[in-house]
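Q: Pasting the sequence and the predicted coordinates here, then a few questions.
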Amino acid sequence: MARLLFIRINEIQLTSADIEAANWVLVDKNDPQQIIDKGTLYDPPTLSLGDKAIVCIPASKLMLTKVSLPNSNINRLRKIVPFTFEDLILDDIEDVHFAIADVAVESDTAVAVIQKSLLDDNLSAIDALGINPTVMLPDCLCIPFAENTWTVFVEDDIALVRTDKDTGFTCAIDILELMLSQHLKEEGITEPENIKSYNVPQEIQNNIINISFETSVEFSTYEVSGNTEMLFLEQYLASTPSLNLLQGSYSRRQKMGQQFKPWIPVVGLLAAWLVLALLIDIVNYNKMSSTITALRQEQTKIYKSIFPKAKKIIAPRKQMEATLKQLRKKAGKNSSSATTMLTLSAKILKKYIVSIKSLRYRDSRLDIDIQLRSLQKLDELKEQLTNNGLWEVEVLSATSRDKFVESRIQIKG
């Protein structure tokens, strides 16, 4: 069962010393309503292959905004964005991480700006627990979202504000009215049609209502309680923000690629060796197949030479054994029968010859075309065949060729 781990970091900068400042909830990936377990990072869960981890961090130490960028691929935009903010931030550009939303809305692209040291500390504390998150996003993007709607969520005197799918901010509730009014004055900001407030005190709600909007705005209030992590996870899954802080050099996928990069030559060498081994096996198989085919053809040729009347030859070896067995029964003890000659001479021939080219039997005479190592072996063979006292043996021909002697001998019964 694939599972989904949602971690909410409550402190601005998480370290290994204060991991209790982070809560988590583990749910079934296919049924997020089913809570498997929950707790703090003091007692972290153990993840398995296929599980996914999402981390939600406070938005108070990062900036979410929209900028107008040219149409280009994401890698080129990552190079352009830092120069867009060069005059707007005090920190050195090299010390700041920029995350870009995957989807541009009305030609404007959502961008998150965060100090690398803050991101590094949070990731180090989580990585030390054996958790490898694939998504990290600010908490203000985990509260309810609807088109043309601003959402305000109050928790412990802190207001989380979501003004669009990938933009928002965090502030103390006593300056919420001022921050909302200021946000309205920013270039390119469109007034909302609705403002939804969650757990907002009545006095603060009245202040929001008194903000001077040019158009009619509908206000609604809600009270929620219970597991905040579960609420945030549900809203994340419902709206799925396209802004993920873990991109570029912080991308988990890219990080894994860098870890495996040194192994690429080894894997390539192993793959080449496997291909070579496979090719060798294929070549050997083809050679073996050719040899087997040649042997079968030779068997068929010999069978036809011994039994010229045979028409259907499928398995020459088995057919030879069966035919010889039948002939042996018919021949009995007749030393001049083909069966007896073949049976008695085979043991002697095996010691001296290299191969048998053909066999012919007629009228108690067995002609055998053979190949030997030397003429001396031919003489020894003739002597051995003659010594059994059953036959007359005659060498009809003998020719030396390619380091071998080819001969035809005749055995008479």
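A: Okay, I see it.
Q: Quick check: closest non-adjacent residue to Ile195.
A: Among residues not flanking Ile195 along the chain, Trp150 sits closest, at 4.9 Å (Cβ to Cβ, 6 or more residues apart in numbering). Where you see a C-beta, it was placed from the backbone N, CA and C, and this is true even at glycine.
Q: List the contacts of that neighbour.
A: 161-163, 180, 192, 194-196 (Cβ atoms under 8 Å, 6 or more residues apart in numbering).
Q: Try it again at 7 Å.
A: Counting by Cβ atoms under 7 Å, 6 or more residues apart in numbering, Trp150 makes contact with 161, 163, 192, 195.
Q: Touching, Pro82 and His97? I think so.
A: No - the pair Pro82 / His97 is not scored as a contact, 9.6 Å apart, by Cβ atoms under 7 Å.
Q: more neighbours, those two?
A: Legend: neighbour count by other Cβ atoms under 10 Å for Pro82 and His97, higher for His97 (21 against 15).
Q: Output the below-cut-off pLDDT ranges for the protein.
A: Across the chain, residues meeting the criterion (pLDDT under 70) sit at 12-20, 103-107, 253-263, 324, 327-336.
Q: ok, which stretches of the stretch 151-300 of the chain are helices?
A: 176-185, 202-209, 228-239, 252-260, 264-306 (DSSP state H, counting those that start in this stretch).
Q: Select, from the contacts of Trp150, the two members most distant in space.
A: Across the contacts of Trp150, the two members that end up farthest from each other (Cβ to Cβ) are Val161 and Pro192, 10.9 Å apart.
Q: Which parts of the chain belong to which domain?
A: 3-250, 270-412 (automatic domain parsing).
Q: Identify, out of the ones you listed, the most deeply packed stretch.
A: Highest mean neighbour count among these (mean count of other Cβ atoms under 10 Å): domain 3-250, with a mean of 16.
Q: What's the end-to-end length of it?
A: 23 Å (Cα to Cα, to the nearest Å).
Q: tell me how far it is from the chain's mean position?
A: 32 Å (Cα atoms, centre = their mean, to the nearest Å).
Q: Same question for stretch 299-317.
A: Worked out by Cα atoms, centre = their mean, stretch 299-317 lies 55 Å from the chain centre.
Q: one step back: doesn't the residue nearest to Ile195 lie inside a strand?
A: Yes - assigned with DSSP: H, G, I helix; E, B strand; the rest coil, Trp150 falls within a strand.
Q: can you put the domains of the chain in TSV and add distance to Ile264?
A: TSV is the format used below for the domains of the chain (distance: least, Cβ to Cβ, whole Å):
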stretch	distance to Ile264
domain 3-250	19
domain 270-412	10
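Q: which SS class is Asp91?
A: Taken by three-state DSSP, the conformation at Asp91 corresponds to coil.
Q: Now do the phi/psi pair for it.
A: phi -70, psi 160 (degrees, to the nearest 10).
Q: How about it, nearest residue that isn't a chain neighbour?
A: Leaving out its chain neighbours, the residue that sits closest to Asp91 by Cβ to Cβ, 6+ apart is Gln115, at 6.5 Å.
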